[in-house]
Structure formats: structure tokens, C-alpha cells
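Student: Sequence and predicted structure are below.
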2 protein chains.
Amino acid sequence: MFPNFINHLKKHVELNIDEIATLKDFVKIIEVRKKDFLLEEGKICRYNYFVEKGLLRMFFVNEKGVEQITQFALENWWMSDHMSLIMEKPSVFNIQAVENATIIAIAQSKQEQLFKQLPQLERYFRIMMQRAYAATQMRFKYFHDFSKEESYRQFISSFPDFTQRIPQYMLASYLGLTPEYLSELRKKA
Amino acid sequence: MFPNFINHLKKHVELNIDEIATLKDFVKIIEVRKKDFLLEEGKICRYNYFVEKGLLRMFFVNEKGVEQITQFALENWWMSDHMSLIMEKPSVFNIQAVENATIIAIAQSKQEQLFKQLPQLERYFRIMMQRAYAATQMRFKYFHDFSKEESYRQFISSFPDFTQRIPQYMLASYLGLTPEYLSELRKKA
DNA sequence: CGATTTTTTGAATCATATCAACGTACGTGG
DNA sequence: CCACGTACGTTGATATGATTCAAAAAATCG
């Protein structure tokens, strides 16, 4: 039904057949089409989203009206605005499908009950949050260390296949440079 | 003995007297003096550090030999290189005391046993990791949104007291600008 | 007080942004 | 399945935010 999701859970915690059945009562499957929104700026983010298939982006719109992408999520990644989720405050971000996608959503409102019934899930999310945080620590290092040009070259050599899945202007936005400058860098080498 | 640490735990999970006693077997108190290191580049990070009192910084050294600060931790914050901690790989970071500090350290090697004896701690760390991740999501937004000048002005107005505790060149390093430029901005307004 | 550390100054330079225009590709409806 | 319109990518000229370097001034510390 959603093999990536179940496999991902099983990779980190023990889950038997009955527990998987229980889990199904707590999740919602969402099919989104390219450009559909899962979260819009100003609304409270009430779900944590797992990408079973497809690709999501998180972005905000700056004062000049330009969309700035802060994260992508592809298969087997979680995405949410955790500040909005925890604080129950309106989000400054949007979450939108870049490709048609199959999403598993867990409602914040059901999380406590879920952890009570399946304590392994608390552990699973502890691991996921720690990983996500570890990844951002490295990302901050790159931000400090690399020029825009270096960021670009290291990104495309680290994720050549992912680079193919997104338009250039989205990569430019994610890396924090202009589409024009990215184009110039491409020409150069 | 370490009131901030215990109070912080109690704010998020239930802990009785016996459990606190148990916990004490799992933590190590470290007194560090200004400029002492808790982690050095190239070594594997084996602890998660809680700042009971004082101030820590995390930094790396770039190819030019310049120290780049990626994080600070003051009272009631945790600090660790989670990538190194999880993967048991050499760290690219250093963790150093900016002020004399009292640190509570939990060894990665004892973490599983700790969670088995005190399952609330797994929950506590799930919450801590989620908060830390939420904070970095906002920080990425600022990175994308603000010019260096705006980053500086928003930092000093958000954390006026913290600004007083660190030399300017450290703030410059954390914000990703040069001490010279920061000095220019200070003069300007 | 002297020595080290931190901050400031100013000039030259560079990486990257901006703007406007043109070229290309691509998906959607007829 | 073609054509048209919109979305995406490129180009070049100009502008600017921020860095670099070297040196002096100021602050801090033992």
C-alpha cells in the first residue's frame, strides 16, 4: 500500500503486523498533483508529511515577491514546518508539490495518542529529528564555507540525478543565487 | 547540584527523585575554562553536551585558516556534532568554551541503556531535537532572506544581552561577514 | 605597565545582483 | 499531433554589497 513508508519505519524500529494495522488508523494518504499545496503561508501547519513518492519543496515569499526555497523533500524524507507545528502559530512557509506525489501525513493532534499506543514511534521520530538536525548542521557548514559558485558545483556533483528533477531556477533559489548567475556559472564550465 | 539541567528536564517530562538519582549515573559533569575544548576536529564526537552555565561555540577552520563559527550554546541549550555522534565518524567541527562553563555530558555509548531505564528521556530528546531542528528551519529562512547588514541588525536587536557576551569578531564569524564590514555597519548606525 | 587581543579606517577589488531583452522549450487545447 | 502561449534559460551591460589587505587605534589582561 505504501511500501516506502513501512520499510522506512522498519529500518529504525520493530513493528509487527498488528502494530502496522494500528498505525494505519493514524495516517492519512494524500495524493497531490504538481503545484498543489500542502501548506500555505499564514496557516498553521498541522501535519508532518512523509514523501512516499514524488517531490516537495518548502519556500517563502520575500518582500520583493520572489519565492525563496529553503528545503526539498524527496522519497523517504519527512517535511513540515516544525516551528508552526510545535507552537501552533501561523507558518511563514509554503509546502508545495514539485512533482505529482504520494504523501503520508500524520496529524500533530493525534501524535500523543499514537506515541502512547506505539512507543516505538516516539523513538522513530527522535531518530528522524536527530538526523534532520545533523543534516542541517552540515548544511550550515557549507553555507559558511562555500562561495555561491562552490555551492553550485558541489551540489550538482553530489546530487546529479536530483539536479535533473528540478528546474534550474529552483536550484538557484535553493542555493541562494540568481538564475542569471547560475546560468553564467553553467556556461563557464 | 545542577539545577538548570534538572529543571529543564522536568519542564518537558516527569521525573521523580529516584529517577533523578538513576540519571546521575549516566551523566558526567565537566568544568571547562575559557578556551578549553570539548571536541576537536578529526576526533569522533562521543557526547551530547548541556550547558548548565557558561557559553560554548562550535566552529570549523576553513582552507585559509579562518575560524568559522556555526553555532553558539548558552545556558539550557544542548550542543553536539550530531553527524559525528550518529555515524561515529571524525568531526569536522570544534566545540570550545567561550566563557568558563559547567557542562553536563551524556555519552552516546550509554544512551541506549539510559533510554531503557528512563523511557521519558527518549521523549525528552525527541522534543529537544525537534526544537533544535525547528530553530534551524527559521535560521535558514533568515539566511535566504536577509542581507549581511539586515542579519546583523536583527541579531543585535533580538539578542542584545547575548551580543554583550561575545567579542565582535565572533559575531561577525557567526553571521558570515568580516569583522571589518561589521565594524563599518556599527559606525553607520 | 607592556603585551596581546580586538576593533577601526580607508583604498582597491571582486563576486554576485539587477535589469532588460532575446532565445528556447515545452505542455495543453484544439 | 501540431501550434501557440507561457514558462524557462541565456546574454551582456551596469551597479553594488561585501571582501581583502595593511596599518593604526583602542581595549583588555596578566
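Tutor: Good, I have the coordinates.
Student: Show me where chain A has its helices.
Tutor: A:3-12, A:17-24, A:82-87, A:111-117, A:119-145, A:148-158, A:160-165, A:168-175, A:179-188 (DSSP state H).
Student: Export these to CSV and append columns for mean neighbour count.
Tutor: C-beta here means a position set from N, CA and C on the backbone, and glycine is covered the same way. As requested, the helices of chain A are arranged in CSV below (neighbours: other CB atoms under 10 Å in any protein chain shown):
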stretch, mean neighbour count
helix A:3-12, 15
helix A:17-24, 13
helix A:82-87, 19
helix A:111-117, 14
helix A:119-145, 19
helix A:148-158, 15
helix A:160-165, 11
helix A:168-175, 18
helix A:179-188, 12
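Student: so can I have CSV of those helices showing distance to residue A:58?
Tutor: Supplementary listing: the helices of chain A in CSV, determined by distance: least, CB to CB, whole Å:
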stretch, distance to residue A:58
helix A:3-12, 20
helix A:17-24, 25
helix A:82-87, 11
helix A:111-117, 20
helix A:119-145, 12
helix A:148-158, 17
helix A:160-165, 15
helix A:168-175, 10
helix A:179-188, 19
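Student: What parts of chain A come near chain B?
Tutor: Proximity of chain A to chain B (CB under 8 Å from any CB of the partner chain) is limited to residues A:60, A:62, A:68, A:70-71, A:81-83, A:85-86, A:92-93, A:115, A:119, A:122-123, A:125-126, A:129-141, A:143-145, A:176.
Student: how does it look with 6 Å?
Tutor: Those residues of chain A that sit near chain B, judged by CB under 6 Å from any CB of the partner chain, are A:62, A:68, A:70, A:82-83, A:86, A:122-123, A:125-126, A:129-130, A:132-134, A:136, A:138, A:140-141, A:144-145, A:176.
Student: Report the buried residues of stretch A:27-46.
Tutor: Of the residues in stretch A:27-46, those scored as buried under the neighbour-count criterion (16 or more other CB atoms under 10 Å in any protein chain shown) are A:27, A:30, A:32, A:38-39, A:41, A:45-46.
Student: Quick check: mean pLDDT of it?
Tutor: Averaged across stretch A:27-46, the pLDDT comes to 96.
Student: Please apply the same query to stretch A:160-172.
Tutor: For stretch A:160-172, the mean per-residue pLDDT is 96.
Student: Stretch A:138-155 now?
Tutor: Per-residue pLDDT over stretch A:138-155 has a mean of 97.
Student: again with stretch A:76-95
Tutor: Here the mean pLDDT over stretch A:76-95 is 98, rounded to a whole number.
Student: what sits against residue A:92?
Tutor: For residue A:92, the contacting residues are residue A:60, by CB atoms under 6 Å, 6 or more residues apart in numbering or on different chains.
Student: where's it relative to residue A:140, distance?
Tutor: Distance of residue A:92 to residue A:140, computed by CB to CB, to the nearest Å: 19 Å.
Student: Please apply the same query to residue A:43.
Tutor: Separation of residue A:43 from residue A:140 (CB to CB) stands at 28 Å.
Student: Skipping its backbone neighbours, what lies nearest residue A:37 in space?
Tutor: The spatially closest residue to residue A:37, leaving aside those adjacent along the chain, is residue A:96, at 5.1 Å (CB to CB, 6 or more residues apart in numbering or on different chains).
Student: is the one you found in a bridge, and if so with what?
Tutor: Beta-bridge partners for residue A:96, by DSSP bridges, are residue A:37, residue A:57.
Student: Count the residues that sit near it.
Tutor: Taking other CB atoms under 10 Å in any protein chain shown as the neighbour definition, residue A:96 ends up with a count of 20.
Student: Enumerate the residues of chain A near DNA strand D.
Tutor: Counting by CB under 7 Å from any atom of the strand, chain A comes close to DNA strand D at A:167-169, A:179-180, A:182-184, A:186-187.
Student: how about TSV for those residues, with distance to residue A:52 added?
Tutor: As requested, the residues of chain A next to DNA strand D are arranged in TSV below (distance: CB to CB, whole Å):
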residue	distance to residue A:52
A:167	23
A:168	27
A:169	27
A:179	31
A:180	36
A:182	30
A:183	34
A:184	38
A:186	33
A:187	38
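Student: Do you know the pLDDT at residue A:1?
Tutor: If you check residue A:1, the pLDDT there is 81.
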